[in-house]
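Asks: Below: sequence and its predicted model.
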Amino acid sequence: MKINKIKQVFNGAYMYKKINLFLLILLSAFLLSCGNKADEHSEQEDYPERTHTDEEGELVLTSHQLTHIDLKTETIETKEVDVPLLLSGRIALNEALTAHITSRVKGRIEKVHALISDRVSKGEVLLELYSQEFLAMQSEFIQAEERLKRIQENDPEHATSKSIYESAKKKLEVIGLSEEEIHRLADNHTPLTLLPVRAPFTGTLLSGEARFGEFVEVGQDFFLLANLQNLWVLADVFEKDLPFIKEGITGEVIPTAYPNETYKVKLTRIYDVVESLSRTIKARFEVSNSSNKLKPEMFVTVKVSSKLGGPNPKVSSLAIMKEKNGVYVFVVVNDTTFKRREIRLGKETKDYTEILDGLKAGEKVVTRGTFYLKSELAKETFVEEEE
């Protein structure tokens, strides 16, 4: 009897627990259902369902979405826009103001007046040579000059004598004698013992050597002379930027060594060959170096600004979306509706892009939030395909 009573009590308690558990589950389900309805009601109030459109590539956003993605738009204009370019380059010698100073006769160096890195003036004597050839040329000139003086202008031999005189004089000019020295030689008939070698223009002796007592042949190098007051800047222009530069434009050069200093430059030549590895074209600028701070082979950055004009509309490059299958933008249909539109590009810059086809002035395009629109449009397309 006692065992049966215990069993009855146990069974009663078990059933009681089951009933309580069942009631608890029902209560939880009821509360969860009420919460979902409240959430659904709240979501519908705060985030209205998007209005769908049957137009292909068109997207309608809710006011909540528009608020949170911070969409920005721009009106397309047919205008001229600035095209700033930053070009990498280096300082180079101005080849038009660079010269190799060489020996024009056989001889021996008797005097040296200048050394490497010396700054010399035009006409300054750098060294002097003793040369038998030079002495012979002076003798030939003196004889030609004396003969020309003895012959009257109406004499049949006057023309020949004058030709011999001019030839002898020209030889002296070619080897470096000045007009004044030739006139003095003609007047006093006293030959110079040493041939002076002069600087053809003002500049700096960059390399070479001339040693006292050294025998030299015709064409032997003495010095490399360069005018460092006027230098070249050789900059690299990428193929895509070539349409934006032309000879004659001006800009600024910033040396790596002096990042807070700028120097005015002018584009004087665009070279004709594309370098195969870098796919760049050399552009040559001229720069004044009156401060003598710029040195050949220094690295620099060249800043130039060009213009992109013409009748075609221009749009911010931020609006452009590129895919394998084409290029497009999102056009603003109204405050909440946006349409994907294929376009054809013209010249492209960092900030603006020329539109050849697909857009016209006055239309608005999205410049910020384009990736969000792309994502949302992809979702809708996927849902339509699933249906």
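Replies: Sure thing, it's come through.
Asks: For R269, give me its contacts.
Replies: 247, 283-284 (Cβ atoms under 8 Å, 6 or more residues apart in numbering). Every C-beta, even on glycine, is put in place using the N, C-alpha and C of the backbone.
Asks: quick one: which of those residues is nearest N227?
Replies: Closest to N227 out of these is R284 (16.1 Å), distances taken as Cβ to Cβ.
Asks: Using PDB, write down the CA coordinates of stretch 58-68.
Replies: This file holds the C-alpha atoms of stretch 58-68, laid out as PDB (Å, rounded to 0.1, in the frame of the first residue of the first chain):
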ATOM      1  CA  GLU A  58      16.200  51.400 -62.000                       C
ATOM      2  CA  LEU A  59      16.300  51.500 -58.200                       C
ATOM      3  CA  VAL A  60      13.900  53.200 -55.700                       C
ATOM      4  CA  LEU A  61      15.300  53.800 -52.200                       C
ATOM      5  CA  THR A  62      13.500  54.500 -48.900                       C
ATOM      6  CA  SER A  63      13.900  57.800 -47.000                       C
ATOM      7  CA  HIS A  64      15.700  55.800 -44.300                       C
ATOM      8  CA  GLN A  65      18.300  54.500 -46.800                       C
ATOM      9  CA  LEU A  66      18.800  58.000 -48.400                       C
ATOM     10  CA  THR A  67      19.400  59.400 -44.900                       C
ATOM     11  CA  HIS A  68      22.000  56.800 -43.900                       C
END
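Asks: can you give me the strands for the stretch 101-250 of the chain?
Replies: For the stretch 101-250 of the chain, the strands defined by DSSP state E, counting those that start in this stretch cover 107-112, 119-120, 125-130, 194-198, 203-208, 215-216, 221-226, 230-238, 250-255.
Asks: Who is the residue positioned nearest the centre of the chain paired with across the strands?
Replies: Against the mean C-alpha coordinate of the chain, by Cα atoms, centre = their mean, the closest residue is L87 at 1.9 Å. Going by DSSP bridges, L87 is paired in beta bridges with V302.
Asks: Look at it and report its pLDDT.
Replies: Note on L87: pLDDT of 94.
Asks: Got phi/psi on S291?
Replies: phi -80, psi -10 (degrees, to the nearest 10).
Asks: on that earlier part again, between the strands of the stretch 101-250 of the chain, which one is nearest to L359?
Replies: That would be strand 230-238 among those, by Cβ to Cβ, at 25.9 Å.
Asks: Paired strands for the closest one, with orientation please.
Replies: strand 81-92 (antiparallel), strand 280-288 (antiparallel).
Asks: contact partners of the shortest one?
Replies: Strand 280-288 is contacted from outside by 87, 89, 91, 94, 229-239, 242, 245, 251, 253, 263-271, 273-275, 294, 302, using Cβ under 8 Å, 6+ apart.
Asks: Now do that strand against strand 250-255, angle only.
Replies: 90 degrees (axes from the mean of the first three to the mean of the last three Cα atoms, to 10 degrees).
Asks: Please identify which of the strands of the stretch 101-250 of the chain is closest to Q143.
Replies: Of all those, strand 194-198 comes closest under Cβ to Cβ, at 19.0 Å.
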